[in-house]
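1. just need the structure, nothing else, for what follows:
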Amino acid sequence: MTIVGIVPGIRADLTERQPIAHLYVPAAAPYRGPMHIHVRASGSEAETLAAIRRELRALDSQLPVIELRTMKEFHD
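-> Residues are numbered from 1 along each chain as shown. Predicted structure coming up:
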C-alpha cells in the first residue's frame, strides 16, 4: 500500500461527537470494505437516485449497489 496523504480525523456521521480516523483507498484498489458516495443534487429525489444507479451500472454492471437513499431517509 502506498500512502498518498494524511488527513485529520473526520465526522462521517452527523451524530458523531469526536472526529475519528479514516482510511482512504482508490476505488479500484483490492479493498473490500463498504463504499459510501455522497452526492449534492437538486431536483427530484427519485430522479436523482435513478440517475445515480444508472451511472453506477454504466461504470460497472457487476457492481452491487445495495442501497441508495437520501440524507433525509438516513436520518429518519
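2. output the longest helix belonging to this protein.
-> helix 45-59 (DSSP state H).
3. now His38: how far from Thr70?
-> 11 Å (C-beta to C-beta, to the nearest Å). Where you see a C-beta, it was placed from the backbone N, CA and C, and this is true even at glycine.
4. repeat that for Asp13.
-> With C-beta to C-beta as the criterion, Asp13 and Thr70 are 15 Å apart.
5. re earlier: more neighbours: His38 and Thr70, which one.
-> Comparing His38 with Thr70 by other C-beta atoms under 10 Å, the one with more neighbours is Thr70, at 14 against 6.
6. mind listing what the more buried one touches?
-> Applying C-beta atoms under 8 Å, 6 or more residues apart in numbering, we find Thr70 in contact with 45, 49.
7. what about the helices in the chain?
-> Using DSSP H, helices in the chain cover 45-59, 71-75.
8. return the most buried member of those.
-> helix 45-59 (a mean of 12; mean count of other C-beta atoms under 10 Å).
9. so which elements touch that helix?
-> Helix 45-59 sits against no helix or strand, with contacts defined as 3 or more C-beta pairs under 8 Å, 6 or more residues apart in numbering; DSSP states H and E.
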